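Peer 1: when you get a sec, could you give me coordinates for this:
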Amino acid sequence: MAALGSVGSAIVLLSLKTFLAASTGSLGVLSEALHSTLDLIAAIITYLSVRVSDRPADADHTYGHGKVENFSAFLETGLLILTAAYIIWEAVQRLFFRQITIRPSLLAIGILGIALGIDLLRSRALARVAREQMSEALEADALHFATDVWSTSVVIIGFALAWLGQRTGLSWLRYADPVAALGVAAVVIWVAARLGRRTAEALLDTAPAGLQERVAHAVEELDGVLSTERVRVRRAGNRHFVDVTVSIPRAVSFEQVHAISDAVERRVGEIIPADVMVHMEPRAQAGEHIFDSIRAAAQRRGLAVHDLSAHQLDGHLFIQMHLEVDEHLSLRDAHRQATELENEIRKLPSLTRNGDTNRVLVNIHIEPLGTHIATVDRASGDLRGLAHDVEEFVNGLRGEFHVLQDCHEVRVQEVERRIQLSCHCAMDGNLPITVIHEVTARLEDRVKERFPQIARVTIHPEPPEAREN
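Peer 2: Next comes the predicted model:
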C-alpha cells in the first residue's frame, strides 16, 4: 500500500510540474518534471519489486525473491544518471549558447510549494514503512523523494531569483534558473551515487560493515563454543543470510551439538533477523583429558568404549578399557577393530613423546554391543524364593560393607535359560561414585559365589532418600 501510494503521489507531482514547465519555460521546473518522471518510473518499479520480493522461496529461487528489490534499485540508479546528464547538458546550453525567456509568477512558486509539501510527507511516510518492513526498495523510494525536497527547494529559489530579476531589471539573475537546474543535477548525481553503491553491495553480496565481527564476537561468548572460525553474510532484499562455522569440543554428544547450534541461531537472530546456517567443527580443547582423546578416537571409528582406566607402570602408561562391538562379528573381525583402535590411541599427540609410541600400552576387553531383546522364559518355575534368599543374603553383608544400608526390589528371572538378577541397594549418598562402583562390583562377586546358578547380577546403587521418594 505504501508503494502504491507512492505511485499516486508521483503522478500528481508529475502533472503539476509538467504544467508549470510548459507555462513558464523554466529549465529548473523542466528538470524537476524530468526528475518526477523518473520518480514515477521508480515508484512503479518499487511497487512491482515489492510484490515480487514478498513471494516465498520456491524450487527455482531457494533463497527467496529478495534480490528483485536490489535489481530494481539498480535500474533506478541508471535512470537517475541519465536524467542528471540531460539536465546538465540543457543547463550548459542555456548558460553559454542560447537564451530562453522564462515566465515566472507567484502562482508557479506556490504550486512548487505544494509539490514540496507532498514530497516531504511522502518521503517521511515511505521511510517509516521501510524501517518497519526492512524494505530496501521502499527505502530507495523514500530517498528519492527526500532529495526531491531539496531539489524542489533549489528550483523555487532559482525561480524566485529569475522573477526578481525581471521586476528589478537585473539581467544577470536570468542565469539563476539554469544554475538552479545544475543544483538539481548535483542532487540527482549524489542520490545516484549513494543508491548505486548500496545496490552494487547487495548484488555483489557485500557484507554490511561490522556485522561479521559482531556476530563472531557474540557467538564466541556462548557456552560450548570454543571459537568462531568463519562468518559469511549475504543480503537479498530485506533478508540476511548468515553462515557461521564454529569449533566445539569433540567429546560432546550429538544432542549437545544440536543444542549449541540452536543457541547460535538464536544469538545471531538477536543481532539481525536472518536465515542462519551453522556448521560445527570438532576440535580438541586446550588441556583435553586423555580419556576424552581416547573416546574421540573411538567415536571417529563408530565404536563405543567404557570402563576406561590408566596408570603408570615402570615409565609406561598402561591404558585399559572395554570395547563394545557388533555381536555378530567373529573374533578375528572384532580383534582387528580393537587393534586398529589400539594403534590410533598409541599415536595420540597427548600420549606420545617425540614420536615414541612404545611407552603407551593398551589392553582392550572386547564385549558384544547389546542389540538383542531377550524373552523371559515363563516356564522356568517360581523364582521368588531365590529372590528372597538373595535379599536376605545381601542385607546380611551390611556388617562387612559399612556403606550398604539396605537391599530391596530384588528381581530374579530366567531369560533364555540363564538366570539374571537385579536389585536396588541404598548406600551412603555422600561417597564418591568411584567408591560406590567398587562396592557394587564386590557385592556382585559375592552374590555369584553364594548363588552360582545366577549368571548375571545387576545392582542399582542409590542414596537412601531415593527409596523414600
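Peer 1: CA only for contacts and neighbour counts going forward, please
Peer 2: Fine.
Peer 1: which residues of this protein fall in strands?
Peer 2: Using DSSP state E, the strands of the chain run over residues 227-236, 239-249, 274-283, 304-313, 316-326, 360-369, 404-415, 418-427, 454-462.
Peer 1: tell me which of those strands sits most buried.
Peer 2: Among the strands of the chain, strand 239-249 has the highest mean neighbour count (mean count of other Cα atoms under 10 Å), at a mean of 20.
Peer 1: elements contacting that strand?
Peer 2: strand 227-236, strand 274-283 (3 or more Cα pairs under 8 Å, 6 or more residues apart in numbering; DSSP states H and E).
Peer 1: which parts of the stretch 151-300 of the chain are helices?
Peer 2: 176-203, 211-220, 254-271, 290-300 (DSSP state H, counting those that start in this stretch).
Peer 1: in CSV: the strands of the chain, plus mean pLDDT and distance to Pro349.
Peer 2: Below are these laid out as CSV (pLDDT from 0 to 100; distance: least, Cα to Cα, whole Å):
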stretch, mean pLDDT, distance to Pro349
strand 227-236, 83, 21
strand 239-249, 86, 17
strand 274-283, 87, 14
strand 304-313, 87, 17
strand 316-326, 89, 14
strand 360-369, 88, 12
strand 404-415, 90, 43
strand 418-427, 92, 41
strand 454-462, 92, 37
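Peer 1: what's the closest of these to Phe74?
Peer 2: strand 227-236 (13.4 Å; Cα to Cα).
Peer 1: from Ala286, how far off is Leu226?
Peer 2: In this view, Leu226 and Ala286 are 10 Å apart by Cα to Cα, to the nearest Å.
Peer 1: which one's more surrounded, these two?
Peer 2: Leu226 (20 against 8; other Cα atoms under 10 Å).
Peer 1: circling back to that earlier point, now distance to Gln337 too, for the strands of the chain, in TSV please.
Peer 2: TSV is the format used below for the strands of the chain (distance: least, Cα to Cα, whole Å):
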stretch	distance to Gln337
strand 227-236	33
strand 239-249	25
strand 274-283	23
strand 304-313	11
strand 316-326	8
strand 360-369	10
strand 404-415	30
strand 418-427	29
strand 454-462	27
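Peer 1: of all these, which lies closest to His388?
Peer 2: Using Cα to Cα, the strands of the chain put strand 404-415 closest to His388, at 7.6 Å.
Peer 1: that closest one - contacts with which helices or strands?
Peer 2: Looks like strand 404-415 contacts helix 384-395, strand 418-427 (3+ Cα pairs under 8 Å, 6+ apart).
Peer 1: quick one: Val457 and Ile419 touch, right?
Peer 2: No - Val457 is not in contact with Ile419 according to Cα atoms under 8 Å; the separation is 9.1 Å.
Peer 1: so for those two, which residues contact both of them?
Peer 2: Applying Cα atoms under 8 Å, 6 or more residues apart in numbering, one finds that no residue jointly contacts Val457 and Ile419.
Peer 1: report the central residue of this protein.
Peer 2: Computing the C-alpha centroid of the chain and ranking residues by Cα atoms, centre = their mean puts Val276 first, at 2.8 Å.
Peer 1: now that one: closest residue in space that isn't a chain neighbour?
Peer 2: Leaving aside its sequence neighbours, Val276 sits nearest to Val242 (Cα to Cα, 6 or more residues apart in numbering; 4.8 Å).
Peer 1: right, and Ile271 touches Ala216 too?
Peer 2: No - using Cα under 8 Å, Ile271 is not in contact with Ala216, being 11.0 Å away.
Peer 1: neighbour-wise, which of those two wins?
Peer 2: Neighbours per residue (other Cα under 10 Å) separate Ile271 from Ala216, with Ala216 holding more: 20 against 12.
Peer 1: quick one: the helices and strands packed on strand 239-249 as TSV, columns for distance to Phe19 too.
Peer 2: Formatted as TSV, the helices and strands packed on strand 239-249 follow (distance: least, Cα to Cα, whole Å):
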stretch	distance to Phe19
strand 227-236	40
strand 274-283	47
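Peer 1: nearest to Val325, of those?
Peer 2: So among the helices and strands packed on strand 239-249, strand 274-283 is nearest, using Cα to Cα, at 24.1 Å.
Peer 1: tilt between the closest one and strand 227-236?
Peer 2: 160 degrees (axes from the mean of the first three to the mean of the last three Cα atoms, to 10 degrees).
Peer 1: identify all contacting residues around strand 274-283.
Peer 2: Taking Cα under 8 Å, 6+ apart as the rule, strand 274-283 contacts 239-250, 257, 261, 264-265, 268-269.
Peer 1: quick one on the thing from earlier: quick one, which of the strands of the chain is nearest to Asn343?
Peer 2: Nearest to Asn343, of all the strands of the chain, is strand 360-369, at 8.7 Å by Cα to Cα.
Peer 1: and the closest one, what does it pack onto?
Peer 2: strand 316-326, helix 331-346.
Peer 1: quickly list what Val305 is bridged to.
Peer 2: Leu323 (DSSP bridges).
Peer 1: correct me, but it touches Gln320?
Peer 2: No - Val305 lies out of contact with Gln320 (Cα under 8 Å); the separation is 10.3 Å.
Peer 1: could you chop this protein up by domain?
Peer 2: 2-203, 211-283, 290-369, 384-468 (automatic domain parsing).
Peer 1: quick one: which of those is nearest Thr375?
Peer 2: Per Cα to Cα, nearest to Thr375 of the domains of the chain: domain 384-468, 6.0 Å.
Peer 1: what's the closest non-adjacent residue to Arg407?
Peer 2: Slight slip there: residue 407 is Cys, not Arg. Nearest non-adjacent residue to Cys407, counting by Cα to Cα, 6+ apart: Cys425, 4.5 Å away.
Peer 1: residues in contact with that neighbour?
Peer 2: 404-408, 459-462.
Peer 1: between the residues you listed, which is nearest Thr434?
Peer 2: Checking the contacts of Cys425 against Thr434 with Cα to Cα, the nearest one is Pro461 at 11.8 Å.
Peer 1: how about that closest one: what's its closest non-neighbour residue?
Peer 2: Cys425 (5.0 Å).
Peer 1: now that neighbour: how far from Arg239?
Peer 2: 59 Å.
Peer 1: ditto for Ile114
Peer 2: 37 Å.
Peer 1: same check on Ala455?
Peer 2: Ala455 is 64 Å from Arg239, by Cα to Cα.
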